[in-house]
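> For reference, the sequence and a predicted model appear below.
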Amino acid sequence: MSLFFRRNVDRSLRWLTALAALSILLILAILVGQITYHGWEKVTWEFLIAPPEKGMTAGGIFPAIFGTAALVIIMTVFVAPFGVLAAVYFSEYADRASWTYKLARQAVNNLAGVPSIVFGLFGLGFFVQGVGKHIDRVVYGGSLHYGQPALIWAALTLAVLTLPVVIVSVEEALQAVPQTYREASYALGSTKSQTVFRVVLPHALPGVLTGAILAVSRAAGEVAPILFVGAAYYLPHLPSKLNDQFMELGYHIFILSTQSPDVDATKPLLYATVLVLLALTFVLNALAVLIRARMRLAQRSV
């Protein structure tokens, strides 16, 4: 193979890879540009703080914003500790030749590939019909409190859905910590647990934060898992208890696009709601990148 031919192949591959990257940027720009063009004028302060009105053909989306925020906060409280502990086991404690590790690893891989609608059915069967009704029988004498779709069950369902995301990202962050840090800690007399929680985890904290933010970003836009376990079609008041139903931005978008009696009246609201959801997701990701960069800078300066 001549040198001229090899150089042409290398140049062609370079242009093809650059074209693929530019295509992704172009698709993103067209998508965001179209949504911004159609929805920007509708995004006002009143739109952000008012409840929906007139069968959701007017008013705002504040209950959906509040419900989305409450949902992802409760979900993060549950998924972050379990995800971090599972990642610590896989990275620091597990014997990779054992059947326990192989079974657990396969379970995480399978969990990541399950369609999101299946998680919704799982949440309905396990959390609502199982755990919730059992709580009602034991605590409330059979009266209906938790054996129904509720905010807590939707959050737990999304926690199960996003658990593989947290585990994989945190495990990668733990494995990126140099082995010499662990060896130095052991040389100073530290135990395994002291090394993991006082040396390894603090240095992997930017990656842990990234995993949590990725989970939040995914959960904020999920609709299928919460269809059966808590999301409400129209609920202008805010949830005040864990067993209340709630409105959510992704589900609100689904309703506006499929169930509206007046498409022309709801189209501006639809684009504006999508724009708010995209802005929320972009802000969360940008915040994660900023905090991660500051943490890495602080670690390098130590």
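That came through fine.
> in the chain, which helix or strand is least confident?
Lowest on mean pLDDT, DSSP states H and E among the helices and strands of the chain sits strand 58-59, with a mean of 75.
> And the spatially closest residue to residue 281 that is not a sequence neighbour, how close does it get to residue 68?
Sequence neighbours aside, residue 217 is the residue nearest to residue 281 in space, at 5.1 Å (criterion: C-beta to C-beta, 6 or more residues apart in numbering). C-beta here means a position set from N, CA and C on the backbone, and glycine is covered the same way. To residue 68, residue 217 is 12 Å away according to C-beta to C-beta, to the nearest Å.
> These two: which is more packed in?
residue 68 (24 against 19; other C-beta atoms under 10 Å).
> what ranges do the strands span in the stretch 1-150 of the chain?
With DSSP state E, counting those that start in this stretch as the criterion, the stretch 1-150 of the chain has strands at 52-53, 58-59.
> Including distance to residue 36, could these go into TSV?
Output for the strands of the stretch 1-150 of the chain, formatted as TSV (distance: least, C-beta to C-beta, whole Å):
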stretch	distance to residue 36
strand 52-53	22
strand 58-59	21
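> Deepest in the core, which of the ones you listed is it.
Most buried of the strands of the stretch 1-150 of the chain, by mean neighbour count (mean count of other C-beta atoms under 10 Å): strand 52-53, with a mean of 16.
> Packing partners of that one?
Here strand 52-53 touches strand 58-59, going by 3 or more C-beta pairs under 8 Å, 6 or more residues apart in numbering; DSSP states H and E.
> host element of the residue nearest to residue 281?
Assigned by DSSP states H and E, residue 217 belongs to helix 205-221.
> just checking, what packs against that helix?
With contacts defined as 3+ C-beta pairs under 8 Å, 6+ apart, the packing partners of helix 205-221 are helix 62-88, helix 151-175, helix 249-258, helix 263-301.
> rerun that using 6 Å as the cut-off
Packing partners of helix 205-221 (3 or more C-beta pairs under 6 Å, 6 or more residues apart in numbering; DSSP states H and E): helix 62-88, helix 151-175, helix 263-301.
> could you give me the average pLDDT of it?
Helix 205-221 shows a mean pLDDT of 80.
> Please shift the residue numbers so they start at 111 in all later answers.
Will do, 111 is the new start, and the previous item becomes helix 315-331.
> what residues does that helix touch?
Here helix 315-331 makes contact (C-beta atoms under 6 Å, 6 or more residues apart in numbering) with 178, 182, 185, 189-190, 268, 272, 275-276, 279-280, 283, 360, 391, 394-395, 398, 401-402, 405-406.
> Keeping just the C-alphas, turn that helix into CSV.
This file holds the C-alpha atoms of helix 315-331, laid out as CSV (Å, rounded to 0.1, in the frame of the first residue of the first chain):
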residue,chain,number,x,y,z
LEU,A,315,-16.5,12.8,43.9
PRO,A,316,-16.7,14.7,40.6
GLY,A,317,-17.7,11.5,38.8
VAL,A,318,-20.2,10.6,41.6
LEU,A,319,-21.8,14.0,41.1
THR,A,320,-21.8,13.5,37.3
GLY,A,321,-23.7,10.2,37.8
ALA,A,322,-26.3,11.8,40.0
ILE,A,323,-26.9,14.7,37.5
LEU,A,324,-27.1,12.3,34.6
ALA,A,325,-29.8,10.3,36.5
VAL,A,326,-31.7,13.6,37.3
SER,A,327,-31.5,14.7,33.6
ARG,A,328,-32.9,11.4,32.4
ALA,A,329,-35.6,11.2,35.1
ALA,A,330,-36.8,14.7,34.3
GLY,A,331,-37.8,13.7,30.8
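> That one relative to helix 373-411, how many degrees between them?
Computed with axes from the mean of the first three to the mean of the last three C-alpha atoms, to 10 degrees, the direction of helix 315-331 lies at 170 degrees from that of helix 373-411.
> list the buried ones in helix 315-331?
Neighbour counts over helix 315-331 (16 or more other C-beta atoms under 10 Å) mark 315-331 as buried.
> quick one, that helix and helix 261-285 angle?
150 degrees.
> And helix 315-331, how far out from the chain middle?
Relative to its parent chain, helix 315-331 has a centroid offset of 6 Å by C-alpha atoms, centre = their mean, to the nearest Å.
> Stretch 204-214 now?
For stretch 204-214 - counting by C-alpha atoms, centre = their mean - the centre lies 27 Å from the chain centre.
> buried ones in it?
Within stretch 204-214, the residues scored as buried using 16+ other C-beta under 10 Å are 204, 214.
> Please apply the same query to stretch 377-394.
In stretch 377-394, counting by 16+ other C-beta under 10 Å, buried: 377-388, 390-391, 394.
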